[in-house]
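Visitor: here's my sequence, what's the structure:
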Amino acid sequence: MFAKGTKEKEAEATRFSVFDQWCKDQKRIKTDEIEAGTEKIEKLAAQIEKDEALIKALTHRIEELEEDVGRWQKDTKSASDVRGKEAADYKATSADYGESLEALDDAIAVLKKKASKVDQAQALLQIQNLKLVPLVSKRALVAFLQEAQPAVEEMPDQRLFHEAPEAYGYEFQSGGVVEMLEKLKDEFADKKYELDKEEMKAMHAFEDIAQQLTDNIENAKHEVDKKTNLRAETQQAKAMKEGDKAQAESDRAEDQKYLDETTGLCAMKSEDFASRAKLRAQELDSIQQAIDILSGDAVAGTGKKYLPSSLLELSSGQPSSAASLAQLRSTSLGQLLQAKVSAFLADRAQQCNSRVLALAAQRVAADPFGKVKKMIKDLISNLMQESTAETEHKGWCDTELTVNKQTRDRKSEAVEELTNQQEDLTTLIARLTQDIEELTAAVSELDKAMTEATAERTASKEKNLLTIEDAKAAQVAVQQATAILKDFYAKSAEATALAQAAQSPAEDAPETFDKPYKGMLPESGGVISFLEVVLTDFARLESDTSTAEAAEQDEYEKYIFESKKDKALKLNEKGHKEAKRSDSESALAKTEEELKLTQAQLDKAVEYYEKLKPTCVDSGITYEERVKRREEEIQSLQEALKILTGTDLS
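Guide: This is a model prediction of the structure:
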């Protein structure tokens, strides 16, 4: 019994050690999983907060851009309305100037061909009725008409005169009127030219403003579309993260529940083990005391003498455990003028630092006089053509540089965004890969733990069944032995007593026997009681082992159920993460391809900018300086031409 109790105590301690290690492993695993889940939840919460801030910023920016578009559209309409009014005013004024010039041409022609006085009067009255003719000119015309035709009888339409002899005296004295009309015509032509010029400037200014507003609207709408798409993508990503966060919170709650149940079970088992260990220690102490008594001479000697050794070797069995972008007129005068012009151009060339004027000065001095005026006119024409060409080139450069800059800025921003997206996707894939590996390892660990638990359960079950079988057989044997002993001692109680003799010499001899011999029944009665105790122990062994087997099987089935549940959750989470990783890898490949294409477009825009720089940016002298120099060159050549002709230019 002592050996059996000691063995069972050690077996129970071994089983509890395995159980305690299992408790520690499960607490560590679940604690790590809860901490990882908490870290994941906090990280997802931070990412969700970041996405919310980005969505808010994008929404604010989209609203600003839409407000800008509305304002620019109103500005475009206002500019168009103003331009329409200006164009209508120009059209009316231009028509007035055209009508006035036509009337002046007719009047000048009538006066110059010495037409009849009626025709002259009608032509002059038509001029007098023009609203653009200055009041002074109208008064001069009235004075001329009154002086030329004092006896004129004014018709109702003020255009017919009576023919009077006095009028012919003034008919050919109208040179002053013609000169006035021609001067008035020149003035009107100049004003119409200025009007046309101002209209062209206004039209160009309107086109520039309209184009700028159109570009602003297009760029803003493009940015709105891009930011709207980005906001939608961010909202989708945020929803996915919120789903992942909810799943992580659910998983953490499951892990926390499992940890709490494990902690409670382990605490209960620990208390139970401590209580059982204390009880077993007390039991073994009591048995040891009994052994000490039975090992004394008074008992051991008798047992050794009367009891068979086979009857003293009768007990064993223990339970088990489980775990988890002009010409000149005279030669001498001509040479003098030619030298003067050459010196003049040379001086201007030095002042303006103009290679064109320096070459012109050399050619004026060297070329025949007859060719000089033509050469200067050709130079003036060439410079004007160059000016026009350069103006067109500058406009082209400005347009190309603006478009190129917008392209470079837009592509640079796109490259930066795609690079950030690539980095985010790469980080996400790496984290998902790590999570999948951890889940795979956890599933493998669960499979291993369940396999080990199943193997231990099988071995323990075999051992328990064998113990139960042995306990049953031992009970039968003990019952048989008890029956034999009881039968023997029943018979030995009937043994004949010793006869009493009369007084003899033996009365003086040493005392040898003083009672009849009835066998070892009095001494052996303890054996029967012991055998009855052994029988009871074997029955208790069978019952305890059967109870332990049922408890271990129930604990094993509960552990397998929880492990399979945990495994299913991990496999489900692994499947979600693998699908998410696959989607992220596809998105990464698409992002990398888009980044490669966008980078190539940016490189082409930069390369085109480098091609534009020599002619549009890095020419060494500004456009304004070149325009100023060319104007000085043209002015100098025109002044030289005036020197050669000796007259003013028209």
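Visitor: surely residue 404 meets residue 602?
Guide: No. Residue 404 is not in contact with residue 602 according to C-beta atoms under 8 Å; the separation is 11.0 Å. In this view, the C-beta of every residue, glycine as well, is placed from N, C-alpha and C.
Visitor: now stretch 587-600: buried residues?
Guide: 587, 588, 591, 592, 594, 595, 598, 599 (16 or more other C-beta atoms under 10 Å).
Visitor: can you pull the contacts of the fourth one?
Guide: Spelled out, it's residue 592. For residue 592, the contacting residues are residue 422, by C-beta atoms under 8 Å, 6 or more residues apart in numbering.
Visitor: what helix or strand does it sit in?
Guide: According to DSSP states H and E, residue 592 maps onto helix 521-612.
Visitor: how far does the helix or strand following that helix sit from its chain's centre?
Guide: Moving toward the C-terminus from helix 521-612, the next helix or strand (DSSP H and E) is helix 623-645. What separates the centre of helix 623-645 from the centre of its chain is 60 Å, taken as C-alpha atoms, centre = their mean, to the nearest Å.
Visitor: so what does helix 623-645 touch, helix or strand wise?
Guide: helix 331-352, helix 355-366, helix 369-492 (3 or more C-beta pairs under 8 Å, 6 or more residues apart in numbering; DSSP states H and E).
Visitor: which of those helices is buried the deepest?
Guide: For the helices and strands packed on helix 623-645, the largest average neighbour count (mean count of other C-beta atoms under 10 Å) is found in helix 355-366, namely a mean of 18.
Visitor: for that one, what is the average pLDDT?
Guide: The average pLDDT within helix 355-366 is 68.
Visitor: how about the contacts made by the residue nearest to the spatial centre of the chain?
Guide: Taking C-alpha atoms, centre = their mean, the centroid of the chain lies closest to residue 421, which sits 4.8 Å from it. Contact partners of residue 421, counting by C-beta under 8 Å, 6+ apart, are residue 591.
Visitor: these two touch, right, residue 567 and residue 440?
Guide: No. The pair residue 567 / residue 440 is not scored as a contact, 11.3 Å apart, by C-beta under 8 Å.
Visitor: which one of the helices and strands packed on helix 623-645 lies nearest to residue 236?
Guide: Comparison of the helices and strands packed on helix 623-645 against residue 236 by C-beta to C-beta identifies helix 369-492 as nearest, at 13.4 Å.
Visitor: and the closest one with helix 521-612, angle?
Guide: Orientation check (axes from the mean of the first three to the mean of the last three C-alpha atoms, to 10 degrees): helix 369-492 against helix 521-612 gives 180 degrees.
Visitor: 180 is where my numbering starts, stick with that
Guide: Noted, 180 is the first residue going forward, which turns the last one into helix 548-671.
Visitor: tell me the secondary structure at residue 309.
Guide: What DSSP: H, G, I helix; E, B strand; the rest coil gives for residue 309 is coil.
Visitor: shouldn't it be in contact with residue 280?
Guide: No. Residue 309 sits out of contact with residue 280 when judged by C-beta under 8 Å, with a separation of 9.9 Å.
Visitor: re earlier: redo the helices and strands packed on helix 802-824 as TSV? Include distance to residue 410.
Guide: TSV is the format used below for the helices and strands packed on helix 802-824 (distance: least, C-beta to C-beta, whole Å):
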stretch	distance to residue 410
helix 510-531	59
helix 534-545	59
helix 548-671	13
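Visitor: out of those helices, which gets nearest to residue 447?
Guide: Between residue 447 and the helices and strands packed on helix 802-824, the tightest spacing by C-beta to C-beta is seen for helix 548-671, at 19.4 Å.
Visitor: mean confidence (pLDDT) on the closest one, please.
Guide: Looking at helix 548-671 alone, the average pLDDT works out to 84.
Visitor: got the angle for that helix vs helix 802-824?
Guide: 170 degrees.
Visitor: name the element residue 312 belongs to?
Guide: Under the criterion DSSP H and E, no helix or strand holds residue 312.
Visitor: since we're on it, how many residues are nearby?
Guide: The number of residues packed near residue 312 is 19, by other C-beta atoms under 10 Å.
Visitor: ok, residue 405 next?
Guide: 16.
Visitor: what does residue 749 give?
Guide: Neighbours of residue 749 under the rule other C-beta under 10 Å: 20.
Visitor: and it, how far is that from residue 610?
Guide: 17 Å (C-beta to C-beta, to the nearest Å).
Visitor: next one: residue 787
Guide: In this view, residue 787 and residue 610 are 41 Å apart by C-beta to C-beta.
Visitor: what's the answer for residue 425, then?
Guide: Plainly put, residue 425 is 18 Å away from residue 610 if you go by C-beta to C-beta.
Visitor: for residue 459, same thing?
Guide: Using C-beta to C-beta, residue 459 is found at 52 Å from residue 610.
Visitor: swap in residue 741?
Guide: Shown here: residue 741 relative to residue 610, a distance of 28 Å by C-beta to C-beta.
Visitor: again with residue 653
Guide: From residue 653 across to residue 610, the span is 62 Å (C-beta to C-beta).
Visitor: how about residue 559?
Guide: In terms of C-beta to C-beta, residue 559 sits 75 Å off from residue 610.
Visitor: any idea how this structure splits into domains?
Guide: What automatic domain parsing lists as the domains of the chain is 253-395, 510-584+799-824, 585-668+700-798.
Visitor: out of the buried residues of stretch 766-779, which is nearest to residue 285?
Guide: Closest approach to residue 285 among the buried residues of stretch 766-779 (C-beta to C-beta): residue 777, at 68.0 Å.
Visitor: now for the closest one: which residues touch it?
Guide: Applying C-beta under 8 Å, 6+ apart, we find residue 777 in contact with 590, 593, 594, 597.
Visitor: one more: residue 417?
Guide: Applying C-beta under 8 Å, 6+ apart, we find residue 417 in contact with 227, 230, 231, 234.
Visitor: in what helix or strand does residue 389 lie?
Guide: Per DSSP H and E: helix 354-473 holds residue 389.
Visitor: quick check: the closest residue to residue 750 other than its chain neighbours vs residue 206, distance?
Guide: Spatial nearest neighbour of residue 750, excluding adjacent residues (C-beta to C-beta, 6 or more residues apart in numbering): residue 622 at 6.3 Å. Note on residue 622: its distance to residue 206, by C-beta to C-beta, is 19 Å.
Visitor: again, but for residue 648
Guide: 38 Å.
Visitor: ok, residue 446 next?
Guide: Using C-beta to C-beta, residue 446 is found at 11 Å from residue 206.
Visitor: among those two, which residue is more densely surrounded?
Guide: Remark: of residue 446 and residue 206, residue 206 carries more neighbours, 14 against 11, as counted by other C-beta under 10 Å.
Visitor: so that one versus residue 444, what's the distance?
Guide: Applying C-beta to C-beta, the value for residue 206 to residue 444 is 11 Å.
Visitor: what does residue 540 give?
Guide: 112 Å.
Visitor: same thing with residue 452?
Guide: The spacing between residue 452 and residue 444, counted by C-beta to C-beta, is 12 Å.
Visitor: kindly report the same for residue 785.
Guide: Counting by C-beta to C-beta - residue 785 and residue 444 are separated by 69 Å.
Visitor: okay then, goodbye and thanks.
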